[in-house]
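Student: This is a predicted model, with the sequence first.
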Amino acid sequence: MPSLTRPKSLPTTLLALGSTACAMGLVALSAPALAQDRSVYRCPGNLYTDQISVREAAERGCKTLEGAAVTVVQTRRPDAPKPLASGAAAASSAGGPASRPSANEGARIDPAEQRARDTDARRILDGELRKEEDRLAQLQKDLKDASSATPERQAELRAALARKEADVAAIRRELAKLGATP
């Protein structure tokens with residue numbers, strides 16, 4: 001029968017285990033305290049850091065933040081525009097969905113597509129001009145009919161008429177930028 005050996009002394013073993021556990025507990029408790037002792041500095045340019053020494057903070061003109069919680073928000077940088085792959089270039093020449101390059105790609109627009117866009121813009125502006133000229137004529141008529149209206153109402157109509165005239169002039173300027181109709 002194997003013999004069982006008795007530990008040296010039960011109280012000595014418990015004492016050794018207790019002191020080890022106590023030391024581990026102190027280390028665990030002191031870690032957050034050490035992290036909290038590190039000062040956070042607010043430097044010029046709204047730079048917040050805890051990575052510099054007291055001397056460096058003084059040299060840079062940083063101020064210590066006392067009792068203020070600092071929250072760090074991680075953000076992702078926007079992705080850079082991706083170059084066109086050979087398949088996308090083939091799709092654009094075939095008139096596929098990639099035929100309309102975005103403004104940030106810096107690609108030139110096909111002259112035929114630009115003419116189509118200009119024609120659409122001109123058609124839209126012509127329609128807007130007709131509507132605004134009709135409204136302008138109606139406001140002019142309303143102002144003539146308002147001779148018996150209150151001075152406040154006449155002032156409102158004059159202001160509306162001035163705004164409408166400015167709108168019509170702006171549409172005409174936009175049409176002039178597009179050039180003569182084809």
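Tutor: It's in.

Student: Could I get the buried residue list for the lengthiest helix in the chain?
Tutor: With secondary structure taken from DSSP state H, the chain has its longest helix at helix 111-145. Applying a neighbour-count criterion of 16 or more other Cβ atoms under 10 Å, one finds 122, 125, 128-129, 132, 136, 139, 143 buried in helix 111-145. C-beta here means a position set from N, CA and C on the backbone, and glycine is covered the same way.

Student: so can I have TSV of those residues showing pLDDT?
Tutor: Listed next are the buried residues of helix 111-145 as TSV, based on pLDDT from 0 to 100:
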residue	pLDDT
Arg122	94
Leu125	94
Glu128	95
Leu129	96
Glu132	96
Leu136	95
Leu139	93
Leu143	91
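
Student: buried ones in the next helix or strand after the longest helix of the chain?
Tutor: Remark: after helix 111-145, the chain's next helix or strand is helix 151-178, criterion DSSP states H and E. Of all the residues in helix 151-178, those buried under the rule 16+ other Cβ under 10 Å are 157, 161, 164, 167-168, 171, 175.

Student: which other helices and strands contact helix 151-178?
Tutor: helix 111-145 (3 or more Cβ pairs under 8 Å, 6 or more residues apart in numbering; DSSP states H and E).

Student: now the helix it packs on and helix 151-178, what's the angle there?
Tutor: Here helix 111-145 points in a direction 160 degrees away from that of helix 151-178 (axes from the mean of the first three to the mean of the last three Cα atoms, to 10 degrees).

Student: tell me what helix 111-145 is packed against?
Tutor: Taking 3+ Cβ pairs under 8 Å, 6+ apart as the contact cut, helix 111-145 packs with helix 151-178.
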